[in-house]
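1. predicted model, plus sequence, below.
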Amino acid sequence: MLQRRSSDSSLTLIERPCCPKCQICMMLVDVAQSFAGPDLWTFECPKCDVDYKALAEDPIKTKKAVGWLKGELRRPD
């Protein structure tokens, strides 16, 4: 199963999806990085070995994080 998630989706917070078969929280087992678009994240069920794949942006590449990394975050005056 492959789904595309936007950079604003909750999956960027590494929300673990539930297994469609047994409803247990799946574990993130692999991230195939992409330089041109979203990464391919692979989740696996620890109980029944079902795989789930989703396209998701790296949280560090989101607009909010990029601004913070460029020094837009300031201490209070």
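-> Everything's here; your move.
2. so where's the protein uncertain?
-> 1-14, 58-69, 71-77 (pLDDT under 70).
3. helices along that one, start to end?
-> 63-67 (DSSP state H).
4. near the nearest residue to T42 once chain neighbours are set aside, how many other residues are there?
-> Of all residues not flanking T42 in the chain, D30 sits nearest, at 4.1 Å (C-beta to C-beta, 6 or more residues apart in numbering). C-betas here are computed from N, CA, C, even on glycine. Per other C-beta atoms under 10 Å, the neighbour tally for D30 reads 12.
5. just confirm D30 contacts Y52, I think it does.
-> No - with contact defined as C-beta atoms under 8 Å, D30 does not count as touching Y52 (11.2 Å).
6. need the overlap of contacts for the two.
-> Common neighbours of D30 and Y52 are listed as T42 (criterion: C-beta atoms under 8 Å, 6 or more residues apart in numbering).
7. list the buried residues in stretch 36-43.
-> Of the residues in stretch 36-43, those with enough neighbours to count as buried (16 or more other C-beta atoms under 10 Å) are P38, D39, W41, F43.
8. is the residue lying closest to R16 once chain neighbours are set aside in a bridge, and if so with what?
-> Spatially, and ignoring its direct neighbours in sequence, R16 is nearest to C25 (4.5 Å; C-beta to C-beta, 6+ apart). When assigned by DSSP bridges, C25 has beta-bridge partners C18.
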